[in-house]
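Participant: I need the structure of the sequence given here:
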Amino acid sequence: IQAEPVDGLPPLRTHVDLAIERAGQKVLLENLELERFKKCEWIDHVPLDDLVYEETSHGRSDLMNAIRSTSGHVPTETLYTTLGWKKREDGQWMFVHAGGAIDANGAVPGVRVQVSDDLKRYTLPSPAYDPNEIAADLAASLMILDRLPAAIAAPLLGAAYRAVLGDAYSSVFLVGRTATYKTSLATLALQHHAPTTRYDSPLIGAGEDAATDTALEELRHAAGHFIFLADDLAPDRSTSRANRLLRGQHNRSGKRRGLRDGGVRKPLNARSLLMITGEDGASTDSAENRTLYVPLERGDVALSTLQELHTRELALARGRLTATLIAHYAMRVPGNDRIAGVRDGLVGKLLALEGIKAPRANLVADLAVGWCAMLEMAVAHKAIDLDTSHNIWGRAWDGLLEAYTRQEMITDGRTTPERAAELRAATTL
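Facilitator: Next up, the predicted model:
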């Protein structure tokens, strides 16, 4: 088994599958690390009696030679250790998740994936193709828009839809005191990518005591084209980390580090869409301009509403909706130019409005691209009609504009709530 090629380097063989057969009994040891295989450490785990060999370097060499001579031609398979869009040898694209892969034809058989425990939650079901089932899955997702304030729901859902389209530089930052349900709200978006996630699931901590910068960088890169949720950024000493995370996300860059044997390791660039929860936001203008805040106050969301939205059935439907979007979009990958075209068109309309700032306009437009893609898929599969799509789009767009306005009020000291209504009234998309 070879690891997936990284940065143009030749593939590296890292694991083997070993089948042992004796007197009608067959044992299969899968994904053995190559070093453990060579050291014969696996023998103690074989449930067969009287397996012996000479426990010396010469004995291990004899055993390896015996295995190779009796195995015949051994096919090589790729083991994927990062998630997201991958180009296959036949030129087609597939989306790798922790449980396998999805392409334009649905679930791809035989794809092997091995990721860290933190990323195993990113396992998607098979996509739906029946219009009624897709409509039901879309309703499970839009229930979040129906039950929550639009300024909260629209960014969350836009992030969930946008992330799986490809590299994203946008980020969403849920900011509020304790008991504002920041994590519970963020996991509603994450359920579209990790359907087993619940409001009380252990998540990747964003604080200095929870993870190092290097660990977060590696996990964010490996998460591929999913939402990467960095939870519970501590208010006392983590604003500098927020600044680093947000700048790295917007620039889609990682940190270059020296290697012990000389040279520089290629940076692990951000590919996922970053979502952060914390009590305080970023501490510099440059970082604040690189994220869309979702400010939360106690009372904005009722606990009973969250309990209604957090059911296993709804979470599974949201995950299946994402799988369906991926399968629909697979024929358009890579779609960077198309995404950029839609985003630039939306940015142009935003900048025509008074008081809209370019960096944040790009963030709003990038999340809006996710809404466009999801609604286009639903119409194409006849899960909804065009009139319904236009109605949903209007609600989502209003919510994104209101979210922008709330951010401006926080970062620029505005206190006039009519500003959101002015923006909505000034544009029709």
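Participant: distance check, Tyr161 against Trp42.
Facilitator: Between Tyr161 and Trp42 the computed distance is 44 Å (Cβ to Cβ, to the nearest Å). Placement of C-beta: from N, CA and C, glycine included.
Participant: and for Ala194?
Facilitator: Taking Cβ to Cβ, one finds Ala194 at 32 Å from Trp42.
Participant: could you do Lys120 as well?
Facilitator: 23 Å.
Participant: mind listing what Arg395 touches?
Facilitator: Arg395 is in contact with 145, 150, 154, counting by Cβ atoms under 8 Å, 6 or more residues apart in numbering.
Participant: looking at Ala194 and Trp42, which has the bigger crowd around it?
Facilitator: Between Ala194 and Trp42, Ala194 has the larger neighbour count (other Cβ atoms under 10 Å), namely 28 against 15.
Participant: who's in contact with that one?
Facilitator: Ala194 neighbours (Cβ under 8 Å, 6+ apart): 121-123, 226, 319.
Participant: ranges for the helices of the chain?
Facilitator: 34-38, 57-71, 131-147, 150-163, 182-190, 213-222, 239-251, 285-288, 303-309, 312-329, 336-351, 358-380, 386-411, 418-426 (DSSP state H).
Participant: which of these is buried the deepest?
Facilitator: The highest average neighbour count among these, using mean count of other Cβ atoms under 10 Å, belongs to helix 150-163 at a mean of 27.
Participant: for that helix, C-alpha coordinates in PDB please.
Facilitator: Below are the C-alpha coordinates for helix 150-163, written out as PDB (Å, rounded to 0.1, in the frame of the first residue of the first chain):
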ATOM      1  CA  ALA A 150     -31.100  34.400   9.300                       C
ATOM      2  CA  ALA A 151     -27.900  36.300  10.200                       C
ATOM      3  CA  ILE A 152     -26.800  33.200  12.100                       C
ATOM      4  CA  ALA A 153     -28.100  30.500   9.800                       C
ATOM      5  CA  ALA A 154     -27.100  31.900   6.400                       C
ATOM      6  CA  PRO A 155     -23.400  32.000   7.200                       C
ATOM      7  CA  LEU A 156     -23.400  28.600   8.800                       C
ATOM      8  CA  LEU A 157     -25.200  26.900   5.900                       C
ATOM      9  CA  GLY A 158     -23.200  28.900   3.300                       C
ATOM     10  CA  ALA A 159     -20.000  27.500   4.900                       C
ATOM     11  CA  ALA A 160     -21.300  24.000   4.800                       C
ATOM     12  CA  TYR A 161     -22.200  24.200   1.100                       C
ATOM     13  CA  ARG A 162     -19.200  26.200   0.000                       C
ATOM     14  CA  ALA A 163     -16.400  24.100   1.700                       C
END
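Participant: contact partners for the closest residue in space to Arg112 that isn't next to it in sequence?
Facilitator: Once flanking residues are discounted, Arg112 sits nearest to Leu79: 5.0 Å by Cβ to Cβ, 6 or more residues apart in numbering. Listed by Cβ under 8 Å, 6+ apart, the contact set of Leu79 reads 1-4, 14-15, 31, 112-114.
Participant: just the endpoints, please. Distance across stretch 218-232?
Facilitator: Length of stretch 218-232, first residue to last, Cα to Cα, to the nearest Å: 19 Å.
Participant: per-residue pLDDT, the nearest residue to Thr180 once chain neighbours are set aside?
Facilitator: Distance criterion Cβ to Cβ, 6+ apart; nearest residue to Thr180, sequence neighbours excluded, is Leu296 at 3.9 Å. At Leu296, the model reports a pLDDT of 94.
Participant: do Thr284 as well
Facilitator: 74.
Participant: so what's the residue lying closest to it once chain neighbours are set aside up against?
Facilitator: Distance criterion Cβ to Cβ, 6+ apart; nearest residue to Thr284, sequence neighbours excluded, is Asn243 at 5.4 Å. Taking Cβ under 8 Å, 6+ apart, we find Asn243 in contact with 282-284, 286-287.
Participant: would you format those residues as a markdown table with distance to Thr388 included?
Facilitator: Output for the contacts of Asn243, formatted as a markdown table (distance: Cβ to Cβ, whole Å):
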| residue | distance to Thr388 |
| --- | --- |
| Ala282 | 38 |
| Ser283 | 43 |
| Thr284 | 42 |
| Ser286 | 40 |
| Ala287 | 38 |
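Participant: quick one: which of the residues you listed is nearest to Ile67?
Facilitator: Closest to Ile67 out of the contacts of Asn243 is Ala287 (54.6 Å), distances taken as Cβ to Cβ.
Participant: the closest one reaches Gln249, doesn't it?
Facilitator: No. Look at Ala287 against Gln249 with Cβ atoms under 8 Å: they stay out of range, at 9.8 Å.
Participant: now Arg360: how far from Cys40?
Facilitator: For Arg360, the distance to Cys40 (Cβ to Cβ) stands at 59 Å.
Participant: next: Thr322.
Facilitator: Distance from Thr322 to Cys40, by Cβ to Cβ: 43 Å.
Participant: with Lys349 instead?
Facilitator: Counting by Cβ to Cβ - Lys349 and Cys40 are separated by 66 Å.
Participant: same deal with His193?
Facilitator: Taking Cβ to Cβ as the measure, His193 falls 40 Å from Cys40.
Participant: and those two? which has more neighbours close in?
Facilitator: Comparing His193 with Cys40 by other Cβ under 10 Å, the one with more neighbours is His193, at 30 against 15.
Participant: phi and psi next, for that one.
Facilitator: Torsion angles at His193 (phi, psi; degrees, to the nearest 10) stand at phi -120, psi -20.
Participant: which residues touch the closest residue to His328 other than its chain neighbours?
Facilitator: Once flanking residues are discounted, His328 sits nearest to Met377: 4.4 Å by Cβ to Cβ, 6+ apart. Shown in contact with Met377 (Cβ under 8 Å, 6+ apart): 324-325, 328-329.
Participant: let's see it at 7 Å
Facilitator: Counting by Cβ atoms under 7 Å, 6 or more residues apart in numbering, Met377 makes contact with 324-325, 328.
Participant: state the pLDDT value of it.
Facilitator: Met377 is given a pLDDT of 98.
Participant: then Pro267?
Facilitator: pLDDT, read off for Pro267, is 71.
Participant: quick one: it and His221, what's the gap?
Facilitator: Pro267 is 9 Å from His221, by Cβ to Cβ.
Participant: lowest-confidence helix or strand of this protein?
Facilitator: helix 418-426 (a mean of 48; mean pLDDT, DSSP states H and E).
Participant: wait, Gly166 sits on Lys86?
Facilitator: No. Contact criterion Cβ atoms under 7 Å: Gly166 and Lys86 do not qualify, at 11.9 Å.
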